[in-house]
Structure formats: structure tokens, C-alpha cells
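Participant: Structural data only, the sequence is not supplied:
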């Protein structure tokens, strides 16, 4: 799993939002690991396409169709059933509230793990 505290913090917030919307959504390390994997996968794809931190940050805060499709694809690979929509909605909600510092930390992680 990632050592980056920002990525783990964002994953925990996504999991908390998902649990608030769907009481059956559990708190466990494997779910956090899957969410971290989704976050890093999406950021890698977006970063490779854009190569510009400002554009990536703007896309994470207000995702366009491309970003949402890539997010759905990454979530579908890591989750099953009704958890998919729950994680998707929670991720979009949390992504809109990310600070510039958190986005920078996540992008640093992506750049280091290319």
C-alpha cells in the first residue's frame, strides 16, 4: 500500500462518505487498499494525458466526462455490485473538496511511482 498519508487520508474520507450513504459498506483495510488503488490509477491516467499539474488539479475538482469515465472504469475493476455506485458517488464528492496540498501530494506519489 502507499506510504503517502494524503492518499490514505483521501481514501478514508471516501470510505466514510460511502459508509454514510450505504450502511452496509464496511470499514476494512482491503476496502482502503482498493480505494487507494483507484485513486492512484485515475491520477496516473490523467497525469499521463495532461502532464500539467494545474489541469490535473482542475479536472479532479470538477471532473469532465473523460475523468468520470476513467473513474468508473477503475472502480469497476476494484469493486463489485452496489459498492461500485456507492464508491463512485463518494469519490466524486470527496474529489470536489480536495485541497491543493492534497492534490499536490497525490501527484507527487504518482510521479514517484511511474
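Facilitator: All right, it came through fine. Here the structure is a predicted model, which means the values were calculated and not measured.

Participant: going forward, measure contacts and count neighbours with C-alpha atoms only.
Facilitator: OK.

Participant: mind listing what's buried in the helix or strand of the chain with the lowest mean pLDDT?
Facilitator: In the chain, no helix or strand scores lower on mean pLDDT, DSSP states H and E than helix 53-61, which sits at a mean of 77. By 16 or more other C-alpha atoms under 10 Å, the buried positions in helix 53-61 come out as 56-57, 59-61.

Participant: So which elements touch the longest helix seen in the chain?
Facilitator: Counting residues, the longest helix found in the chain (DSSP state H) is helix 29-50. With contacts taken as 3 or more C-alpha pairs under 8 Å, 6 or more residues apart in numbering; DSSP states H and E, helix 29-50 sits against helix 5-21, helix 53-61, helix 65-78, helix 100-112.

Participant: do that again at 10 Å, thanks
Facilitator: Packing contacts for helix 29-50, counted by 3 or more C-alpha pairs under 10 Å, 6 or more residues apart in numbering; DSSP states H and E, involve helix 5-21, helix 53-61, helix 65-78, helix 83-96, helix 100-112.

Participant: returning to that earlier point: and the least confident helix or strand of the chain, how far out from the chain's middle?
Facilitator: Taking C-alpha atoms, centre = their mean, to the nearest Å, the mean C-alpha location of helix 53-61 is offset from the chain mean by 13 Å.

Participant: Name the residues that touch that helix?
Facilitator: The contact list for helix 53-61 (C-alpha atoms under 10 Å, 6 or more residues apart in numbering) reads 42-43, 46-50, 62-68, 92-100, 102-104, 107-108.

Participant: Show the buried residues in those residues.
Facilitator: Neighbour counting over the contacts of helix 53-61 (16+ other C-alpha under 10 Å) leaves 42-43, 46-47, 63, 67-68, 92-95, 102-104, 107 as the buried ones.

Participant: in the protein, which residue is closest to the centre?
Facilitator: For the chain, residue 39 is the residue whose C-alpha lies nearest the centre (C-alpha atoms, centre = their mean; 3.1 Å).
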